[in-house]
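*Asks:* Quick one: sequence plus predicted model below, questions after.
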Amino acid sequence: MESKYRRLLLKMSGEALGGKDGRGIDFDFTGRVCQAVRRCTEAGIQVAVVVGGGNYWRGGKDGGDRMVRARADYMGMLATAMNSVALVDALEKAGVEAVIQASFGLERVAEPFNRDAAVRHLKAGRVVIFACGSGEPYFTTDTAAVLRALDIEADVLLLGKNVDGLYSADPRLDPSAAKFDRIEYSEVLRRDLKAMDAAATQLAMENHLPLHVFGLEDPENILRAAAGEGIGTIVY
Ligand code: UDP
């Protein structure tokens with residue numbers, strides 16, 4: 001496999017790991033994701049991962065106004081840590097060495113986040129899973145994915161979604177919706193397209209981090225996106 005990328009960060013939602021019903025862990029699907037990641041690392045691409053936590057808990061949405069918001073958000077960040085542990089296990093089963101780095105102390109299951117150590121792991125061929133988002137409430141794992149991608153100087157952020165790219169309107173509601181092959185960040189913001197949340201989009205735009213949005217339904221799309229194939233949508 002040929003790739004134009006040396007180092008990439010793959011962001012998946014927690015729901016993706018939950019498979020069809022979006023809850024808990026779908027081991028079969030997660031295993032297929034890990035096989036695709038293995039093929040990327042075998043091709044010499046350095047892979048970091050950020051995973052969400054929505055298959056267990058979403059701070060604002062699930063905690064709502066019935067909890068202190070920051071606590072609800074910490075629960076969300078802990079949910080990302082559970083997914084990270086499941087992923088490290090699945091990666092190991094797929095024959096890939098992987099480590100977790102967490103944004104706050106979880107020393108029994110993760111190393112503390114350290115940018116330089118993460119880069120050393122990546123250069124040694126290990127997958128680095130960044131757990132607990134940014135470590136701060138009121139953020140999302142999309143923002144954390146952009147932050148970590150910038151930290152490690154990734155060439156691209158791969159965003160695996162439940163739709164196969166960015167559309168001019170919601171393709172499930174509007175049959176005339178057209179898919180973009182390439183689109184500028186400023187246009188994504190102007191049209192209010194839901195690639196990532198606005199804070200994450202803004203941060204990626206300001207720092208010239210390219211984004212490749214694609215459908216994760218077929219985990220082999222990770223390979224296609226990593227190879228720079230024209231699937232999904234490129235945001236630049
Ligand atoms: N979260 C947070 N700060 C972060 C990342 C995540 O507070 O930097 C919390 C937030 O409550 C969020 C939850 O963790 O709702 C799970 O993350 P997210 O909703 O992004 O997961 P996904 O939808 O990608 O599965």
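*Replies:* Nice, I can see it. Numbering: from 1, shown residues only.

*Asks:* ok, the nearest residue to residue 62 once chain neighbours are set aside - contacts?
*Replies:* Closest residue in space to residue 62, ignoring its immediate chain neighbours: residue 72 at 6.9 Å, by CB to CB, 6 or more residues apart in numbering. For glycine as for every other residue, the C-beta is placed from the backbone atoms N, C-alpha and C. Neighbour list for residue 72: 57, 59, 60, 62, 63, 64 [criterion: CB atoms under 8 Å, 6 or more residues apart in numbering].

*Asks:* Got the phi and psi for the last one?
*Replies:* Here the main-chain torsion angles of residue 64 (degrees, to the nearest 10) amount to phi 50, psi -140.

*Asks:* Any chance you could note which residues of the chain sit beside the ligand?
*Replies:* Neighbours of the ligand within the chain, by CB under 6 Å from any ligand atom: 13-15, 52-54, 58-60, 73, 76-77, 79-80, 133-134, 136-137, 139-141, 143-144.

*Asks:* Next secondary structure after the helix or strand harbouring the residue nearest to residue 62?
*Replies:* Here residue 72 sits within helix 69-93, counting by DSSP states H and E. Later in the chain than helix 69-93, the nearest helix or strand by DSSP H and E is strand 98-102.

*Asks:* pLDDT of that following strand, averaged?
*Replies:* Averaged over strand 98-102, pLDDT sits at 98.

*Asks:* export it as PDB, just CAs?
*Replies:* Listed next in PDB are the C-alpha coordinates belonging to strand 98-102 (Å, rounded to 0.1, in the frame of the first residue of the first chain):
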ATOM      1  CA  ALA A  98      -0.400   0.100  21.200                       C
ATOM      2  CA  VAL A  99      -0.300   2.400  24.200                       C
ATOM      3  CA  ILE A 100      -2.800   4.600  25.800                       C
ATOM      4  CA  GLN A 101      -2.000   8.200  26.900                       C
ATOM      5  CA  ALA A 102      -4.600   9.900  29.100                       C
END
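
*Asks:* Listing partners with orientation, what would you give for the helix or strand following that strand?
*Replies:* Downstream of strand 98-102, the first helix or strand assigned by DSSP H and E is strand 111-112. Using DSSP bridges, the strands paired with strand 111-112 are strand 98-102 (parallel).

*Asks:* got a list of contacts for the strand it pairs with?
*Replies:* With CB under 8 Å, 6+ apart, strand 98-102 has contacts from 81, 84-85, 87-88, 91-92, 109-114, 117-118, 121, 126-132.

*Asks:* gap between that strand and the chain center?
*Replies:* Here strand 98-102 is found 14 Å from its chain centre; the criterion is CA atoms, centre = their mean, to the nearest Å.
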